[in-house]
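Asker: can't give you the sequence, but here's the structure:
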Ligand SMILES: [Zn+2]
């Protein structure tokens, strides 16, 4: 992520679409399942009277009576500022996206033969304008636009994955 400002939408994704337990594990915080409940070591009191809510994507310490969202947790445990914490989460998000691509390569996700992977659409957009191709500036702008779009598609894929996980979790209850 370039620049030092995050949009509301970007922060929403970082807070809500990176599962809180995934953040706990990435931070190497001790965690365990007790009585069927996910617990983690509270960064304040270091006790395990804690829990997470997949619905709100918050971690809570019942002793400290404190909720942590993904950003709070990184700030507290890594001792980072807000922007650095957001950047840390951005990296986890990128990892998740890379895993999604490994697990569900585009050709496996397309059920119909005539479905085209969105990346190919961008590629064909880029190559289908010979008059523009003569101007390298236009080309650069175009490839920038394409990579922006690809980033947004990645974000959307993460949202979809996280929503599917939530739905699966709710259905199991
Ligand atoms: Zn605590």
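Answerer: Alright, I've got the coordinates. From a predicted model like this one, the values you see are computed outputs, not experimental measurements.

Asker: what about the strands in the chain?
Answerer: Taking DSSP state E, the strands of the chain run over residues 31-34, 37-40, 50-53, 58-61, 66-68.

Asker: want to throw the ones you listed into a markdown table with mean pLDDT and mean neighbour count?
Answerer: Where you see a C-beta, it was placed from the backbone N, CA and C, and this is true even at glycine. Shown next, in a markdown table, are these (pLDDT from 0 to 100; neighbours: other CB atoms under 10 Å):
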| stretch | mean pLDDT | mean neighbour count |
| --- | --- | --- |
| strand 31-34 | 94 | 12 |
| strand 37-40 | 96 | 18 |
| strand 50-53 | 97 | 18 |
| strand 58-61 | 98 | 22 |
| strand 66-68 | 98 | 18 |
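
Asker: ok, which of those comes nearest the ion?
Answerer: The closest of the strands of the chain to the ion is strand 58-61. By CB to the ion, the value is 3.3 Å.

Asker: touching the ion at all, that closest one?
Answerer: Yes - using CB under 5 Å from the ion, we find that strand 58-61 touches the ion at residue 61.
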